[in-house]
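1. need a structure here:
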Amino acid sequence: MKQASGVRSQEPVAIALIESSIGLSGSTMSLSALLRRLDRDRFEPHVIVAREEQEVYLRDVVGSGPQVARISPGWETRVRVAHLGKVGVLLGLIAATLPYANVLRRFVTRHGVRLIHQNNGFDLGAFLASRWTGVPLVVYQRGPEWDSPLVRRLAPLVARYVANSHATRASLLSLGVPPARVSVVYPPVDLEMFDVDRAPAPGLTRGVLGIPPHVPCVGIIGQLQEWKGHKVFIRAFRQVLLARPEAWACVVGGPPAGGERYERELRDLARELGVADQMVFTGFVADVPSALQLLDVVVHASVEPEPFGRVIAEAMAMRRPVIASDEGGPREIIEHERTGLLFPRGDDRALAEGIVSLLRDPARAERLAEAGFGEIKGRFSAIQHARLIESVYTDVLNLEMSEGRKP
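-> So this is what the prediction gives:
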């Protein structure tokens, strides 16, 4: 790729990449894939994370290359005062957001950062740090943004957005963000990690989890949040057992901090429906490829429109047949009946029928899986993702230089 002269210099450009999500999830994994392929001759990454598990994951996966600092955005404080309405918002701003933004400002200044990459959607702390330092802000938007008067006023001022799907791009445009400032770059799938021939992690084998070796196993992977549709999956599995009584199921993932009640509800529902004896709750799993190797069919059952659906692409990379809710991002990943199956959102009966159809026809399931793998190689590679993100950085930095805002 020909490099734009405005970004080329003797020293790489310092970039602050901020991972401020509430736990270890797909956004952190996408960031790791970007960091592993970022052109270090052009860009020097300085990573800021919110939580210890994110820091540990990035150091394990990416290595010692990028500097990683942990700075809390003050989520706990914001949650404690959220029930106070507008007063709570004001208290959260004073007690958490402004101090966080000030720490970011000092970090940006100390490290000579010339561009801020906020990895989890519009964030007021990152926005303020950008405005206070004059350093441009690039936001990777992973879903619909909170529609409020403040966001509508400030969001259009961000230098550039990268949307994880066209569905997410449409939500940004509805907030008044100029179309020219929104690019669509799908999240990456690291094909070096998501390799069907890799050895599974020792703790994630059927033998360890108590799943018989030769029975069909279906599963859902993702953080335990209600909108992810785990209850739809559990109800569907009860119906699957009527047709395939030997089948097992896996619920892979743990709850975010404070979400333990929902996990208890899921376990209670499994017992009430009589499927608990053939359903494994794995808890949080960092090694998603190993979790996918357990499954014959992968389900994505979000009951709200999914902005993208990273685990869908990961399952396809592992040559697993996928059935997903037919709204939002999954429509951009799956071509129904060619690279996977789509079912009406929230319809546990339709989901069960789709699962059973794949279990009864292994040849069809394999055809879908192979077509899905081909789609991933062509559209969602980590290398392509990194080059596209770098082109966004280049555009923004060149614009800053042309307008004389940065040396």
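2. which residues are contacting the lengthiest helix in the chain?
-> Longest helix in the chain by number of residues (criterion: DSSP state H): helix 382-402. Defining contact as CB atoms under 8 Å, 6 or more residues apart in numbering, one finds that helix 382-402 is touched by 1, 3-4, 6-7, 13, 15, 30, 33-34, 36-39, 42-43, 114-115, 117, 136, 138, 159-160, 162, 183, 185-192, 406. To be clear about C-beta, it is placed using only N, CA and C from the backbone, and glycine gets the same treatment.
3. Now do the strands in the stretch 251-400 of the chain.
-> If you assign secondary structure with DSSP state E, counting those that start in this stretch, the strands in the stretch 251-400 of the chain sit at 279-283, 297-300, 322-325, 341-343.
4. circling back to that earlier point, so which of the contacts of helix 382-402 belong to strands?
-> Under the assignment DSSP state E, the contacts of helix 382-402 contribute 13, 15, 43, 115, 117, 138, 160, 162, 183 to strands.
5. What mean pLDDT does stretch 270-288 get?
-> Averaging pLDDT along stretch 270-288 yields 95.
6. what's the first-to-last distance across that stretch?
-> Start-to-end span of stretch 270-288 (CA to CA, to the nearest Å) is 23 Å.
7. tell me which residues in that stretch are buried?
-> 270, 275, 278-282, 285-286, 288 (16 or more other CB atoms under 10 Å).
8. from those residues, which is closest to residue 65?
-> residue 286 (19.3 Å; CB to CB).
9. Spatially nearest residue to the closest one (excluding sequence neighbours)?
-> Nearest non-adjacent residue to residue 286, counting by CB to CB, 6 or more residues apart in numbering: residue 57, 6.2 Å away.
10. and what of residue 265?
-> Using CB to CB, 6+ apart and skipping residues adjacent in sequence, the residue nearest residue 265 is residue 231, 7.8 Å away.
11. which element is that neighbour on?
-> Here residue 231 sits within helix 230-243, counting by DSSP states H and E.
12. quick revisit: which of the ones in strands among the contacts of helix 382-402 sits closest to residue 350?
-> Ranked by distance to residue 350 (CB to CB), these are led by residue 162 at 33.3 Å.
13. count of residues packed around the closest one?
-> Residue crowding around residue 162 was assessed by other CB atoms under 10 Å; the count is 23.
14. Looks like it contacts residue 121 (just checking).
-> No. Here residue 162 lies out of contact with residue 121, judged by CB atoms under 8 Å, at a distance of 10.6 Å.
15. Can you read off the pLDDT for the nearest residue to residue 93 once chain neighbours are set aside?
-> Excluding its sequence neighbours, the residue lying closest to residue 93 (CB to CB, 6+ apart) is residue 124, at 7.7 Å. pLDDT for residue 124: 94.
16. Check residue 221 too.
-> Confidence at residue 221, expressed as pLDDT, is 96.
17. Let me see the contact set for it.
-> Each residue near residue 221 by CB under 8 Å, 6+ apart is listed here: 252-253, 285, 288, 291-292, 298, 311, 315.
18. and what of residue 176?
-> With contact taken as CB under 8 Å, 6+ apart, residue 176 is in contact with 152, 155-156.
19. Neighbour-wise, which one of those leads?
-> Counting neighbours by other CB under 10 Å, residue 155 comes out on top of these with 23 neighbours.
20. need the strands of the stretch 251-400 of the chain in a markdown table with distance to residue 265, can you?
-> Shown next, in a markdown table, are the strands of the stretch 251-400 of the chain (distance: least, CB to CB, whole Å):
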| stretch | distance to residue 265 |
| --- | --- |
| strand 279-283 | 12 |
| strand 297-300 | 18 |
| strand 322-325 | 20 |
| strand 341-343 | 23 |
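21. Need the overlap of contacts for residue 162 and residue 121.
-> Contact criterion CB under 8 Å, 6+ apart; residues shared by residue 162 and residue 121: 139-141.
22. hmm, which of these are the buried ones?
-> Applying 16+ other CB under 10 Å to the shared contacts of residue 162 and residue 121 flags 139-141 as buried.
23. With distance to residue 265 as extra columns, can I get those residues in JSON lines?
-> Formatted as JSON lines, those follow (distance: CB to CB, whole Å):
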{"residue": "139", "distance to residue 265": "33"}
{"residue": "140", "distance to residue 265": "32"}
{"residue": "141", "distance to residue 265": "30"}
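24. just to revisit the earlier point, just name the closest of the contacts of residue 176 to residue 103, please.
-> residue 155 (22.4 Å).
25. Okay, the closest one and residue 132: tell me how far apart.
-> Between residue 155 and residue 132 the distance is 18 Å, computed by CB to CB, to the nearest Å.
26. swap in residue 349?
-> Residue 349 sits 54 Å away from residue 132, taking CB to CB as the criterion.
27. Report the separation between residue 223 and residue 230.
-> Residue 223 sits 10 Å away from residue 230, taking CB to CB as the criterion.
28. ok, what's across the strand from residue 182?
-> Counting by DSSP bridges, residue 182 forms beta bridges with residue 161.
29. For it, give me its contacts.
-> When contacts are counted by CB under 8 Å, 6+ apart, residue 182 touches 141, 160-163, 169, 172-173.
30. What's the PyMOL line that selects buried ones from those?
-> The following PyMOL line selects those of these that are buried, judged by 16+ other CB under 10 Å:
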select buried, resi 141+160+161+162+163+169+172
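31. number of nearby residues for the residue nearest to residue 265?
-> Here the number of neighbours of residue 231 (other CB under 10 Å) works out to 18.
32. So for stretch 355-368, what gets flagged as buried?
-> In stretch 355-368, the ones that count as buried by 16+ other CB under 10 Å are 355-356, 358-359, 365, 368.
33. among the residues you listed, which are in helices?
-> Filtering these for membership in helices, criterion DSSP H, returns 355-356, 358-359, 365, 368.
34. and which of the residues you listed is nearest to residue 62?
-> For these, the residue nearest residue 62 by CB to CB is residue 368; the value is 32.6 Å.
35. and the residue nearest to the closest one when sequence neighbours are not counted, how many neighbours?
-> Computed as CB to CB, 6+ apart, the closest residue to residue 368 that is not its neighbour in sequence is residue 321, at 4.6 Å. Neighbourhood size, residue 321 [other CB under 10 Å]: 28.
36. Please work out how many residues are found near the nearest residue to residue 386 once chain neighbours are set aside.
-> What sits nearest to residue 386 in space, not counting adjacent residues and going by CB to CB, 6+ apart, is residue 37, at 3.9 Å. If you count neighbours by other CB under 10 Å, residue 37 ends up with 19.
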